[in-house]
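# After the sequence you'll find the predicted model.
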Amino acid sequence: MAEAEAAESQKGFFKKHWEGYKEFWCERFSFLNNYSRFIKREKPLPSWTDSDVEEFIASDPVNGPVLKTAREAVKYGAVGSVVGAVTTAGWAWKYSRSLHGAGLSFAAGAVFGWTFGQEIANHHLQLYRLNTVAAQTKFLEWWQKKVEGH
């Protein structure tokens with residue numbers, strides 16, 4: 001016990017606080033552990049096609065429709081991103097005639113538009129009722145088995 005306290009007291013101020021922050025953020029981003037077994041592979045999974053996704057949707061009656069709805073929600077985000085980028089850049093150019101301001105507005109508008117598009121999709125498609133992370137994970141497991149020939 002005394003050795004542990006001595007080791008703790010020898011750590012610097014920043015080292016103690018860094019460990020606390022690291023633990024805090026690891027808890028907040030724990031959902032990334034769902035994907036780590038697919039991302040941190042020695043040999044990455046090959047890309048899949050739309051027909052592979054459609055095959056999964058047809059084969060899994062529970063997670064297939066959820067994955068299809070989640071893929072549909074991406075379209076809302078993309079449309080929101082385009083609308084947000086063009087309108088904010090247009091307003092910035094109209095009122096400032098600044099190329100770098102319009103460019104920054106374009107980038108920020110794309111991010112904000114994507115966010116609003118995803119929120120609209122969340123409510124319109126009722127994504128809050130679905131577990132999209134589980135469906136995506138099931139698809140990745142299915143794809144991994146298919147690629148590896150299991």
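Received it, and whenever you're ready, just let me know what you need.

# Pretty sure T87 sits against F112.
No. Contact criterion C-beta atoms under 8 Å: T87 and F112 do not qualify, at 10.0 Å. Every C-beta, even on glycine, is put in place using the N, C-alpha and C of the backbone.

# Can I get stretch 98-117 in CSV, CA atoms only?
This file holds the C-alpha atoms of stretch 98-117, laid out as CSV (Å, rounded to 0.1, in the frame of the first residue of the first chain):
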residue,chain,number,x,y,z
SER,A,98,-14.4,37.8,-49.7
LEU,A,99,-13.2,34.6,-51.3
HIS,A,100,-11.7,33.2,-48.1
GLY,A,101,-14.8,34.1,-46.2
ALA,A,102,-17.0,32.4,-48.7
GLY,A,103,-14.8,29.4,-48.7
LEU,A,104,-14.9,29.1,-44.9
SER,A,105,-18.7,29.7,-45.0
PHE,A,106,-19.0,26.9,-47.6
ALA,A,107,-17.1,24.5,-45.3
ALA,A,108,-19.0,25.5,-42.2
GLY,A,109,-22.3,25.4,-44.0
ALA,A,110,-21.6,21.9,-45.2
VAL,A,111,-21.0,20.7,-41.7
PHE,A,112,-24.1,22.5,-40.3
GLY,A,113,-26.2,21.3,-43.1
TRP,A,114,-25.1,17.7,-42.6
THR,A,115,-26.0,18.0,-38.9
PHE,A,116,-29.5,19.5,-39.7
GLY,A,117,-30.1,16.9,-42.4
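
# low-confidence ranges in the protein?
For the chain, the stretches flagged by pLDDT under 70 are 1-11, 31-32, 34-35, 150.

# how about 80 then?
1-42, 44-45, 149-150 (pLDDT under 80).

# what ranges do the helices span in it?
Using DSSP state H, the helices found in the chain span residues 2-10, 13-28, 33-39, 50-59, 63-96, 99-124, 132-148.

# Using JSON lines, lay out those helices together with mean neighbour count.
Converted to JSON lines, the helices of the chain look like this (neighbours: other C-beta atoms under 10 Å):
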{"stretch": "helix 2-10", "mean neighbour count": "8"}
{"stretch": "helix 13-28", "mean neighbour count": "10"}
{"stretch": "helix 33-39", "mean neighbour count": "12"}
{"stretch": "helix 50-59", "mean neighbour count": "14"}
{"stretch": "helix 63-96", "mean neighbour count": "17"}
{"stretch": "helix 99-124", "mean neighbour count": "16"}
{"stretch": "helix 132-148", "mean neighbour count": "16"}
